[in-house]
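**Student:** here are the coordinates; sequence isn't available:
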């Protein structure tokens, strides 16, 4: 049995960088494994670890504030948090695969109570392992068999309830994923099959004893031990003086310890193959519930986030994903999901029309919403490629082969070189990983040096990225940089500017506009200090021919 709710034809898979001890704990089926692994990792973490994140996933998480997103999706559940993290950081690049996941999520949003019921059944089935005990005592064939039979009994009870949900909900779920999933449950868990399992499990309790066969092997030792199904006795054979078939038997004296050990060994050899087969069956069913919990956890995370955003009256929509390289980006009312999760009131959304644009340069007033727009675009892309809804009224965008961020960093006492060296080093790492049709998000990059040098470095970097067919979003206060690209009248470039009212108020709207030589830093001075900045006196040099005054 396969779940196939996150992918059309395979189990959920993450990129290799995320396959760590925590993910191994997630797929183990042990409900406490994640807690134990995270606790051990926390103990091993050195207090003096560097503040700067390493690896693109860690940098992306910090720059886009993704932990805020995952915490909202998890609502305090460690398993849900880890699943949200791995799904968002393992984006899909096939638009058809994204749409497949979107359709399943639509069903989950329409029937959240059924989703929670299915998830609860998966957790209940995995809890059965703790009820019957661990493997520490199951070292003998009869112990393995007994434990496996108990596990299967618990699993079969849950499977019957899954089958009942499939019977009742087939007509109400419309997605390809759930339609196939419910059809699989009905086909694989037919009534006759479930009755046969119940009969086999009753037989495996061996309430009438173990009926074995064996052959005489070399050295006059027993071989080819096998458990047989006992022949049904006629009712006359059960009477004390009834007709009984001829048989040979022996009785072990009560104090014959060696005899009991020999009998136990014979019994163990006979049921060994049975015990292995039943244990494999129990593991197979357990793996099904493990994957069911894993894949439903993602959709449960999405339902949790959807409820929060709708409760805040924020718009959400399912975006239209398009193939990589089509240079499509049209958004209406797009906003930073992570920002709104920190605020009580809804945040301001923006309109972006960047179809056919591979460079989007954003300038304008300080504190005008430029960095917020960057985050909203980056987070929306990751959410779209995870198969989720996005924070916008509508969105149509090309998928990216990767998302990379290059943000200005604050001063760090652990840095061994200057800020410009650190910025260049990070950009060099990005250049070594980024591929064509990826997305690069830059926020005040190379502003740690003077404007002339910073602008020239940025021009070289942006030009190289555009040449490699990489889409670049760049927020900058460097007028020399923005103006130099604007004067080229590039057909693939879009220039946006944060709005500022005549009285200095910010609307947090970003609209298309020519870069200006000012970022209105005096507004920030006035807002912080409450007074106008003092202007330096103007020095005038008189012409020698003028009359002195």
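**Tutor:** Alright, I've got the coordinates. Predicted model, so just to flag it, every value in this text is computed and none were measured.

**Student:** Pull the number of nearby residues for residue 169.
**Tutor:** 16 (other C-beta atoms under 10 Å). Yep, even glycine has a C-beta here, placed from its N, CA and C like the rest.

**Student:** now it: how far from residue 108?
**Tutor:** Using C-beta to C-beta, to the nearest Å, residue 169 is found at 12 Å from residue 108.

**Student:** Residue 466 - how many residues pack around it?
**Tutor:** Neighbours around residue 466, by other C-beta under 10 Å: 18.

**Student:** Can you show me the strands along the stretch 351-500 of the chain?
**Tutor:** Ranges of strands in the stretch 351-500 of the chain, per DSSP state E, counting those that start in this stretch, are 359-364, 394-398, 403-407, 439-443, 471-475, 493-500.

**Student:** you'd agree residue 165 is up against residue 113?
**Tutor:** No - the pair residue 165 and residue 113 fails to qualify as a contact (C-beta atoms under 8 Å) at a distance of 10.9 Å.

**Student:** the more surrounded of these two?
**Tutor:** Ranked by neighbour count (other C-beta under 10 Å), residue 165 and residue 113 place residue 165 first, with 15 against 7.

**Student:** could you point out which element follows the strand or helix carrying the more buried one?
**Tutor:** For residue 165, the host element (DSSP states H and E) is helix 141-169. Downstream of helix 141-169, the first helix or strand assigned by DSSP H and E is helix 176-188.

**Student:** Report the buried residues of the next helix or strand after that next one.
**Tutor:** Following helix 176-188 in sequence order, the next helix or strand is helix 191-203 (DSSP H and E). For helix 191-203, a neighbour-count test (16 or more other C-beta atoms under 10 Å) marks 197, 201 as buried.

**Student:** From the contact counts, what lies against helix 191-203?
**Tutor:** Helices and strands touching helix 191-203, by 3 or more C-beta pairs under 8 Å, 6 or more residues apart in numbering; DSSP states H and E, are helix 141-169.

**Student:** what's the spacing between the helix it packs on and its chain's center?
**Tutor:** 28 Å (C-alpha atoms, centre = their mean, to the nearest Å).

**Student:** Equivalent analysis for stretch 80-92, please.
**Tutor:** Centroid separation between stretch 80-92 and its chain, computed with C-alpha atoms, centre = their mean, is 1 Å.

**Student:** Contacts for it, please.
**Tutor:** Stretch 80-92 has contacts (C-beta atoms under 8 Å, 6 or more residues apart in numbering) with 6, 12-15, 18, 22-23, 26, 34, 57, 60-61, 66, 69-71, 73-74, 98, 101, 294, 297-298, 300-301, 304, 382-383, 385-387, 399-400, 403.

**Student:** From those, list the buried ones, please.
**Tutor:** By neighbour count, with 16+ other C-beta under 10 Å, the contacts of stretch 80-92 hold 6, 12, 14, 18, 22-23, 26, 34, 57, 60-61, 66, 69-70, 73-74, 98, 101, 294, 297-298, 300-301, 304, 382-383, 385-387, 399-400, 403 as buried.

**Student:** Run through the neighbouring helices and strands of the longest helix along the chain.
**Tutor:** As assigned by DSSP state H, the longest helix anywhere in the chain is helix 257-311. Judged by 3+ C-beta pairs under 8 Å, 6+ apart, helix 257-311 is in contact with helix 66-74, helix 78-88, helix 95-110, helix 112-132, helix 141-169, strand 212-217, strand 221-227, helix 337-340.

**Student:** got the ones you listed as TSV, with distance to residue 490 and mean pLDDT columns?
**Tutor:** Listed next are the helices and strands packed on helix 257-311 as TSV, based on distance: least, C-beta to C-beta, whole Å; pLDDT from 0 to 100:
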stretch	distance to residue 490	mean pLDDT
helix 66-74	32	97
helix 78-88	32	96
helix 95-110	27	98
helix 112-132	47	91
helix 141-169	53	88
strand 212-217	83	72
strand 221-227	78	69
helix 337-340	30	96
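
**Student:** so which of these gets nearest residue 394?
**Tutor:** Nearest of those to residue 394, taken as C-beta to C-beta: helix 95-110 at 14.0 Å.

**Student:** ok, and what's touching that closest one?
**Tutor:** Residues contacting helix 95-110 (C-beta under 8 Å, 6+ apart): 5-8, 92, 115, 173-178, 299-300, 302-303, 306, 318, 321-323, 384-389, 399.

**Student:** Any idea which of the strands of the stretch 351-500 of the chain gets closest to residue 161?
**Tutor:** strand 394-398 (38.5 Å).

**Student:** In contact with residue 353, which residues?
**Tutor:** By C-beta under 8 Å, 6+ apart, the neighbours of residue 353 are 329, 330, 494, 512.

**Student:** which residue sits closest to the first one in space, ignoring its chain neighbours?
**Tutor:** Here the nearest residue to residue 329 in space, its sequence neighbours aside, is residue 354; by C-beta to C-beta, 6 or more residues apart in numbering that works out to 4.1 Å.

**Student:** isn't residue 215 right up against residue 221?
**Tutor:** No - judged on C-beta under 8 Å, residue 215 makes no contact with residue 221 at a distance of 10.0 Å.

**Student:** if we can go back for a sec, switch the helices and strands packed on helix 257-311 over to JSON lines; also include distance to residue 449.
**Tutor:** Formatted as JSON lines, the helices and strands packed on helix 257-311 follow (distance: least, C-beta to C-beta, whole Å):
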{"stretch": "helix 66-74", "distance to residue 449": "29"}
{"stretch": "helix 78-88", "distance to residue 449": "34"}
{"stretch": "helix 95-110", "distance to residue 449": "40"}
{"stretch": "helix 112-132", "distance to residue 449": "52"}
{"stretch": "helix 141-169", "distance to residue 449": "61"}
{"stretch": "strand 212-217", "distance to residue 449": "84"}
{"stretch": "strand 221-227", "distance to residue 449": "79"}
{"stretch": "helix 337-340", "distance to residue 449": "30"}
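
**Student:** follow-up on the earlier one: just the buried residues of the contacts of residue 353.
**Tutor:** Neighbour-count burial (16+ other C-beta under 10 Å) is assigned, among the contacts of residue 353, to 329, 330, 494.

**Student:** can you put these in CSV and add distance to residue 129 and pLDDT?
**Tutor:** Shown next, in CSV, are the buried ones among the contacts of residue 353 (distance: C-beta to C-beta, whole Å; pLDDT from 0 to 100):
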residue, distance to residue 129, pLDDT
329, 48, 97
330, 50, 97
494, 56, 96
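
**Student:** three-state assignment of the closest residue in space to residue 127 that isn't next to it in sequence?
**Tutor:** Of all residues not flanking residue 127 in the chain, residue 31 sits nearest, at 6.3 Å (C-beta to C-beta, 6+ apart). Assigned with DSSP: H, G, I helix; E, B strand; the rest coil, residue 31 falls in the coil class.

**Student:** quick one: residue 31 and residue 100, what's the gap?
**Tutor:** Where residue 100 is concerned, residue 31 sits at a distance of 29 Å (C-beta to C-beta).
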